[in-house]
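Chemist: Sequence isn't available, so here's the structure alone:
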């Protein structure tokens, strides 16, 4: 039991560090907007932990990624904005782990189609929840950047959707390819 706990903590530390590296290394991340937001592989390690360890592993890895984001140059307007835009938005990526058990079952039964479906669903859940956090923060705190005459909600939708949709697709493809080719990576 103690070895399992140590393995969990080590994997959370390693995968959260890998996630921030995948976000800050220039050729692995495409910065889309001046106020933040990028298309990167940063969510991939969080999804891997969510699928390996369930919600607890994914949320903790995402939470650490959010803290690392703050330490590496986050745009901070207020403490509430920081919590919504970084702490909550990155932690909820780990809720992709709600599909961990059916995903493990698909691997045991060697059902590649259902494996990809569960991965895509988990990535959609985590990405959508992260998007909602950024969308809300965009409406509340970044409305001043909206072009004149454009509703703030539309600005936030287009701004955050502009990088979150490609980031979701990229993450779902990478995680699917990884686990279809090496399904034993998901088994602890």
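Modeler: Yep, it's here. Since this is a predicted model, take the numbers as computed values, not measurements.
Chemist: tell me, how many neighbours does residue 81 end up with?
Modeler: Counted with other CB atoms under 10 Å, residues neighbouring residue 81 total 18. Quick note: C-beta positions are derived from backbone N, CA and C, even for glycine.
Chemist: So it: helix, strand or coil?
Modeler: With DSSP: H, G, I helix; E, B strand; the rest coil as the basis, residue 81 sits in helix.
Chemist: so where is this protein shaky, pLDDT-wise?
Modeler: 32-36, 188 (pLDDT under 70).
Chemist: In space, what's closest to the most centrally placed residue in it - neighbours in sequence excluded?
Modeler: Central residue of the chain (CA atoms, centre = their mean): residue 43, 3.5 Å from the mean position. By the measure of CB to CB, 6 or more residues apart in numbering, the closest residue to residue 43 outside its immediate chain neighbours is residue 171, 4.5 Å from it.
Chemist: now swap in residue 103 and tell me
Modeler: Once flanking residues are discounted, residue 103 sits nearest to residue 118: 4.2 Å by CB to CB, 6+ apart.
Chemist: Work out for me the element that neighbour sits within.
Modeler: Assessed by DSSP states H and E, residue 118 sits inside helix 112-141.
Chemist: In that helix, which residues are buried?
Modeler: Using 16 or more other CB atoms under 10 Å as the burial criterion, the residues of helix 112-141 that qualify are 115-141.
Chemist: circling back to that earlier point, I'd say the residue nearest to residue 103 and residue 99 touch.
Modeler: Yes. Using CB atoms under 8 Å, residue 118 is in contact with residue 99, at 4.8 Å.
Chemist: Tell me where the protein has helices.
Modeler: 2-24, 43-53, 55-71, 79-82, 89-91, 100-108, 112-141, 152-181 (DSSP state H).
Chemist: of all those, which gets the most neighbours per residue?
Modeler: Scoring the helices of the chain by mean neighbour count under mean count of other CB atoms under 10 Å gives helix 43-53 as the most buried, with a mean of 28.
Chemist: ok, back up a step: Throw the helices of the chain into CSV and include distance to residue 187, thanks.
Modeler: Below are the helices of the chain laid out as CSV (distance: least, CB to CB, whole Å):
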stretch, distance to residue 187
helix 2-24, 12
helix 43-53, 8
helix 55-71, 13
helix 79-82, 36
helix 89-91, 25
helix 100-108, 7
helix 112-141, 12
helix 152-181, 10
